[in-house]
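[1] sequence? don't have it. structure:
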């Protein structure tokens, strides 16, 4: 190890245990999961801290979301965090670039360490209240048509659960396309101006340092490189993977791959671009609430529900987690 991770609790690993555990840890974003500890990032350095699993009480996701998230306007953006709460009551919040990475880490943790709770206390309370309210909305008796539709949808969900990589790719591609398509051209122009000015400042500073005779040249270099890093960090400038053509190709390929995976199914109850277990769960809830009886009618109701969600609507964490996964698929498909 070039830099040994620092412990965040009183319980520590020996240097040998730490070296071996970190080397073998599963790296997910800026954090990592070892056999004996979870490795956490600072704002600048990945996996610079560690906490033995025996000291971890809860690990959960916290998300700050942009105002345009639920509406059809603006960027569908979010700032995801991983929160690790220790048994001594303290906690560490880790910033991630991609929410998918937080979800992936929690999925692995759920399997490897079922003893660790993956929701905050307030989140557990809200979930229980939401589930009780949801059960109260269900109709007591369903028609034979509705029962048959639920069975069909559950079979479709089982099919999708066998290909998690396909529906995860579909959801990610939709979110990526949604975000890139809605980057304001003004933001790109401002970032480009900052980048060019910063590059010119750095170039001038380097030239002045080489020629000599200008005492403040180093400041031009420092401010120039800082401006370049800032402009690139905004992620609004087009790059090889951050441009509309790439995002469209990724979406088309993900949708085509899903369609090919479902080609053997005789009558899959929803189009390939909406093939996600969360969509099916929402369709089943619609039928149980008595708002539809057939899969086709349930899908149309789900579309209407998603359209109604906007930046003024307050939703539960569960609702948020569902919407952030599937609404971009409907937005980029124009609900068709």
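    Yes, it's here. Quantities reported herein were computed from a predicted structural model and do not represent experimental measurements.
[2] CA atoms for contacts and neighbours, from now on please.
    Will do.
[3] I'd like to know which elements the helix or strand containing residue 300 is packed against.
    Element membership of residue 300 [criterion: DSSP states H and E] is helix 295-308. Contacts defined by 3 or more C-alpha pairs under 8 Å, 6 or more residues apart in numbering; DSSP states H and E place helix 295-308 against helix 277-288, helix 317-332.
[4] Test for you: state the pLDDT assigned to the spatially most central residue of the chain.
    Residue closest to the mean C-alpha point of the chain, counted by C-alpha atoms, centre = their mean, is residue 99 at 2.1 Å. With respect to pLDDT, residue 99 has a value of 81.
[5] Next, the buried residues of the helix holding residue 300.
    295, 298-299, 301-303, 306-307 (16 or more other C-alpha atoms under 10 Å).
[6] quick one: the helices in the stretch 101-250 of the chain?
    Along the stretch 101-250 of the chain, the segments classed as helices by DSSP state H, counting those that start in this stretch run 121-137, 144-161, 164-181, 185-211, 217-233, 244-261.
[7] Pick the most deeply packed of those.
    helix 164-181 (a mean of 22; mean count of other C-alpha atoms under 10 Å).
[8] which other helices and strands contact that helix?
    Identification of packing neighbours for helix 164-181 by 3+ C-alpha pairs under 8 Å, 6+ apart yields helix 244-261, helix 317-332.
[9] do you know which of the ones you listed lies nearest residue 13?
    helix 317-332 (35.0 Å; C-alpha to C-alpha).
[10] from the chain's centre, how far out does that closest one sit?
    10 Å (C-alpha atoms, centre = their mean, to the nearest Å).
[11] same for it, what does it pack against?
    Counting by 3+ C-alpha pairs under 8 Å, 6+ apart, helix 317-332 packs on helix 121-137, helix 164-181, helix 277-288, helix 295-308.
[12] can you list those in JSON lines and add distance to residue 228 and mean pLDDT?
    Converted to JSON lines, the helices and strands packed on helix 317-332 look like this (distance: least, C-alpha to C-alpha, whole Å; pLDDT from 0 to 100):
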{"stretch": "helix 121-137", "distance to residue 228": "40", "mean pLDDT": "85"}
{"stretch": "helix 164-181", "distance to residue 228": "21", "mean pLDDT": "90"}
{"stretch": "helix 277-288", "distance to residue 228": "40", "mean pLDDT": "96"}
{"stretch": "helix 295-308", "distance to residue 228": "39", "mean pLDDT": "95"}
